[in-house]
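1. Sharing a sequence plus its predicted fold:
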Amino acid sequence: MPASAHDADALAATLRACNRAANHTSEVAFAKDLKRRNVLQKEVYFALKADYDLGAQPAVRVVKKVCDAYAALRANIKAGNLGRDGSKSRLRAESKPIVFREEAAQPFDDRILTWNLNARTVSIWTLAGRIKHIPFVCSDHALKLLASRRGESDLMVRDGMFFLIATIDLPEAEAFEPDGFLGVDLGIVNIATTSDGEIMAGRGLNRYRERHRELRDKLQKKRTKSAKRVLKRVRRREARHAANQNHIIAKQLVATAERTSRGIALEDLSGIRQRVTAKKDQRARLHSWAFAQLGAFVEYKARRAGVPVVFVDPRNTSRQCSECWHTHRTNRVTQARFVCRSCGIVMHADHNGSRNIAHRGEAAWKRGAVNRPRTSTR
């Protein structure tokens, strides 16, 4: 989508108008401290229709989008994702209204966006009127999933191409009683290492990230408009590559755990960038890798497969011996080498860490620190 240049212009103009309206709504919400949807809608509804040419339902969607954005901000502040009270990042977020880019995604409900799955077309409201029979493309598998679509669909544009993002509700498989746990050590050099000794996405992915880091440095030094455009395109490409790698790793982990009737034990890495002091040559990799994304991918794929997932405390997993439990900082000889000062066992450091994570996951499961399934399906 879309089918013609006219349709593309209409969709682009609609996104710009909706996001300008969202910025106005956000300023009103911030200035008057109106975060409740009904109260905010009463304040800005007629202005959105008159000043931004929005229809009734698009205006309602804009207000909801702004309220959802402020709700997400409050949740991030409460969770500590923006730092402690008084930190620069938190003050910066709290001191000004939320701003929406002109090409930011805009939600459409079933009143202003209709799917025709048989014809693979959509009908959508725009500033130029309702445009019908706009074709969309997707895989046959995705088309089957769209039959169970619920709620809103988000319209967004990336590099001149328009996308519709739909939410699909899938039933979760019943979790089984695990026969042990597959421990997963997440690291900077090796993205994921399992307690079975398998290392995933290590040297090859790091070379790819290093090439892109060098390219970003060159483009940032030029400071030209064309360099900024290329920099934006490269950043998106790298993000897509990282997400794809995380999907592949998560799928492999869940498949291994499901095949062996085990659960998955992961490190609880919330706030790791604030807690960990990395070496100078590893700082860029620490801050560029999507720790939370990989954990989220593993968690939702595991739920679909009925595989239990446990998050454990990562402290000292790299210093503790997985054989005799002796813990000392000198056990970690190098980044890749672990030598226990007590029992003398030698192994890959990440493999040792993943075994400790597996032990902690099983211990947490046995003592009831996590939700158990009611009945076993295996």
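-> Received it, and whenever you're ready, just let me know what you need.
2. three-state assignment of D85?
-> The three-state label for D85, taken from DSSP: H, G, I helix; E, B strand; the rest coil, comes out as coil.
3. per-residue confidence at it?
-> Taken from the predicted model, the pLDDT recorded for D85 is 86.
4. got it, and A292?
-> A292 carries a pLDDT value of 76.
5. in terms of contact, does it touch L269 like I think?
-> Yes. Under the contact definition of CB atoms under 8 Å, A292 touches L269, with a separation of 7.4 Å. Placement of C-beta: from N, CA and C, glycine included.
6. between these two, who's got more neighbours?
-> Each of A292 and L269 has its neighbours counted (other CB atoms under 10 Å); L269 has more, 16 against 12.
7. Now do that one against S4, distance only.
-> L269 sits 47 Å away from S4, taking CB to CB, to the nearest Å as the criterion.
8. now do I134
-> In this structure, I134 lies at 9 Å from S4, with CB to CB as the measure.
9. all strands in the chain, in order from the N-terminus.
-> Under the criterion DSSP state E, the chain carries strands at the ranges 106-108, 113-116, 121-126, 129-135, 149-158, 161-168, 181-186, 192-194, 199-200, 263-267, 309-312, 337-339, 346-348.
10. now A59, nearest residue through space, not along the chain?
-> Distances taken as CB to CB, 6 or more residues apart in numbering put L48 closest to A59, at 4.1 Å, once the chain neighbours are dropped.
11. got JSON lines for the strands of the chain, with distance to L54, mean pLDDT and mean neighbour count too?
-> Formatted as JSON lines, those follow (distance: least, CB to CB, whole Å; pLDDT from 0 to 100; neighbours: other CB atoms under 10 Å):
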{"stretch": "strand 106-108", "distance to L54": "11", "mean pLDDT": "96", "mean neighbour count": "22"}
{"stretch": "strand 113-116", "distance to L54": "15", "mean pLDDT": "95", "mean neighbour count": "17"}
{"stretch": "strand 121-126", "distance to L54": "9", "mean pLDDT": "96", "mean neighbour count": "20"}
{"stretch": "strand 129-135", "distance to L54": "13", "mean pLDDT": "94", "mean neighbour count": "14"}
{"stretch": "strand 149-158", "distance to L54": "14", "mean pLDDT": "90", "mean neighbour count": "16"}
{"stretch": "strand 161-168", "distance to L54": "19", "mean pLDDT": "92", "mean neighbour count": "14"}
{"stretch": "strand 181-186", "distance to L54": "45", "mean pLDDT": "92", "mean neighbour count": "27"}
{"stretch": "strand 192-194", "distance to L54": "46", "mean pLDDT": "91", "mean neighbour count": "24"}
{"stretch": "strand 199-200", "distance to L54": "47", "mean pLDDT": "86", "mean neighbour count": "18"}
{"stretch": "strand 263-267", "distance to L54": "44", "mean pLDDT": "93", "mean neighbour count": "27"}
{"stretch": "strand 309-312", "distance to L54": "43", "mean pLDDT": "92", "mean neighbour count": "22"}
{"stretch": "strand 337-339", "distance to L54": "61", "mean pLDDT": "93", "mean neighbour count": "17"}
{"stretch": "strand 346-348", "distance to L54": "59", "mean pLDDT": "93", "mean neighbour count": "15"}
